[in-house]
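Visitor: could you work out the structure for the sequence below:
(one chain, ligands or ions: 1)
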Amino acid sequence: MKELEDVMSSAAGSDLDSLADALARYVRSGRPLSIADGSGVIGQLERRLGEVLNLPNPLTFASGTAGLHAAYLALDLPPGSEVVGAVNTFHASLSPAVHCGLNAVLVDVEPDTGNVSPAALEAAIGPRTRCVTVTHFLGHPAAMEEITAICRARDLRLIEDFSHAFLSTLEGQPVGAFGDVAVGSLQARKTLVAGEGGVLATPHAELYERAVLAGHYRGRALALADERLRAFGETGLGLKMRMHPLAAVVALVNAEQLVERVAARTALLQRLSRHLGDVPGVRPPVVRPGADMGGWFSYRPQIQLRELKPGVGADDYLRRLQEAGVPAHYPSIGPLHEEPLFTGTIPLQAAVSTWRPRVCGPLAGAAAFSKGRISVTVTGRDTAKTIDAYAQAFADVSRELAVRDAA
Ligand SMILES: Cc1ncc(COP(=O)(O)O)c(C=O)c1O
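Guide: Now for the predicted structure:
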C-alpha cells in the first residue's frame, strides 16, 4: 500500500483535476499497466472495496458482466440448470448464464420496489432450478429474509447483483452479504466508478478461488490454496477478465469520497421525496421500513394516472415537467421478456440447446411498477435550491393537471 501513496496522495476528491492528476502520476511513475497477481493498485482497490462495502474477499474484474460471468462459473452448476431472476433487471444479471450452459427463468417483481417477488420466485422453481440471482433494483434492497429462506429450503445458490446498490443496507446489513456470492458493477454510471470494472465478493473460499480461476490466470491463479485448482493456474479456465490498473486508479479516486457523496445525494433525494409526498398526481419512490437506499442508483417517482384530470396522460405530465425545467424522462431499460435474447432462438450454436429462457407470468407486478414511472436526473451539481425548484415544478404541473383532492 505504501508504494502507491504518492500516486494516490492527490486524490482528495472525485473532481476531474484529482482524477487527471492521479492518472498522470500513475502513468509517469512507470507502474504496471497490467497486473496479474493482485498486487499494486489492484490490491489496494480490493482492500478499499472490502472496507467501504463491508463485504468479504473482494475480487476485481474488467466489468460487472465479467464478474457475474465468473460468479456463474464459480458456482459450477450442472448444464441446463435454471437461474431465476427478475424480469426487469439489467440483462447482465442473468445473461452471462448463457455462456455457462445455464438457463434463465424470468419472474415477476413487487409493484412498489421493482425487486424480484419472493412469491413469484418460489412459484417458478422447477426440478432444474439451482440458483437465484437477485438484483437490488435501483438501490432498494430486495426482500432478503424471504428470499434467503426460500434458497435455504430449496437448496438453491444465491447471487446478489448489487450494481445499483452500493452502500444500501437492509436492517443494517449491507446488500451483498446475504448470498453465496455478490457482484457489483463499477461502470461509469454507477455509484462507485472505475469507468469499466466490476467487483465480486464471497465469504466462501472455494467460490473465491473458482472465481479467480474463471477470470484470471498466472499471478494470483498460481497462488491459489486449493491444489486441484492451482494446477490450472497457468491457463485459468481459459478466460481473462481482469481489471485494467488505470480503471483501478479511477475507482480509488472515486472511492475517496464515496461515503460523503452518497450521504449528500441521500439528503437531497430524501428532501425531494418529502416534497413529493404532498403533491397529488405523483408519488415519490417507495422505501420500505428497514431499507436504506445507499447511493440511490436512480430516482424514480411514479405519476399516478388515476389522479390526473380526465384525458390527461403520463406523456402530458412528463412533457409539462420537462418544460418546467425538471430533468425527467422515461427510464431507458425495458423488461427482459421483450428482448430477443430472452425470447427468440439465440444465434450461437454453442448455446442453442441449453439456452431456452422461461418467462413465468403473469407479470402484473412489473406492469404496475413501470406504469407512469419516470426518472429524475439528480447529480452532484444539484443543491437544496435546485431540488426545491424541481419540487415546485412538480407542484405547479400537478396544480394544472391533477385532480386536487386525489391524494
Ligand atoms: C444491475 C446491473 N447488473 C450488471 C450490470 C453490468 O455491469 P457492467 O456494465 O459493468 O458490465 C449492470 C450495468 O449497467 C447493471 O445495471
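
Visitor: mind giving me the domain ranges of this protein?
Guide: Here the domain assignment for the chain is 2-256, 258-401, based on automatic domain parsing.

Visitor: mean confidence for the helix or strand Y208 falls within?
Guide: The secondary structure element spanning Y208 is helix 205-215 (assigned by DSSP states H and E). For helix 205-215, the mean per-residue pLDDT is 98.

Visitor: could you dump that helix to PDB, C-alpha only?
Guide: Presented in PDB, the C-alpha positions along helix 205-215 are these (Å, rounded to 0.1, in the frame of the first residue of the first chain):
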ATOM      1  CA  ALA A 205     -13.000 -19.700   0.000                       C
ATOM      2  CA  GLU A 206     -13.900 -22.300  -2.600                       C
ATOM      3  CA  LEU A 207     -16.100 -19.900  -4.600                       C
ATOM      4  CA  TYR A 208     -13.500 -17.200  -4.300                       C
ATOM      5  CA  GLU A 209     -10.800 -19.500  -5.700                       C
ATOM      6  CA  ARG A 210     -13.000 -20.700  -8.500                       C
ATOM      7  CA  ALA A 211     -13.900 -17.100  -9.400                       C
ATOM      8  CA  VAL A 212     -10.200 -16.300  -9.600                       C
ATOM      9  CA  LEU A 213      -9.600 -19.200 -11.900                       C
ATOM     10  CA  ALA A 214     -12.700 -18.200 -14.000                       C
ATOM     11  CA  GLY A 215     -11.300 -14.800 -14.900                       C
END
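
Visitor: what does that helix contact?
Guide: 57, 59, 61-62, 66-67, 69-71, 73-76, 180-181, 200, 202, 220-221, 224-226, 229, 232-233, 236-237, 239-242 (C-beta atoms under 8 Å, 6 or more residues apart in numbering). Glycine gets a C-beta too; all of them are placed from N, C-alpha and C.

Visitor: what subset of these is buried?
Guide: 57, 59, 61-62, 66-67, 69-71, 73-75, 180-181, 200, 202, 220-221, 224, 229, 233, 236-237, 239, 241-242 (16 or more other C-beta atoms under 10 Å).

Visitor: so of those, which ones are in helices?
Guide: 66-67, 69-71, 73-75, 229 (DSSP state H).

Visitor: where does the stretch 151-300 of the chain have low pLDDT?
Guide: Applying pLDDT under 70 to the stretch 151-300 of the chain flags no residue at all.

Visitor: can you pull the residues of it lying near the ligand?
Guide: 161, 163-164, 185, 187, 198 (C-beta under 6 Å from any ligand atom).

Visitor: quick one: E307 and R404 touch, right?
Guide: No - contact criterion C-beta atoms under 8 Å: E307 and R404 do not qualify, at 9.4 Å.

Visitor: for L237, what are its contacts?
Guide: L237 neighbours (C-beta under 8 Å, 6+ apart): 73, 213-214.
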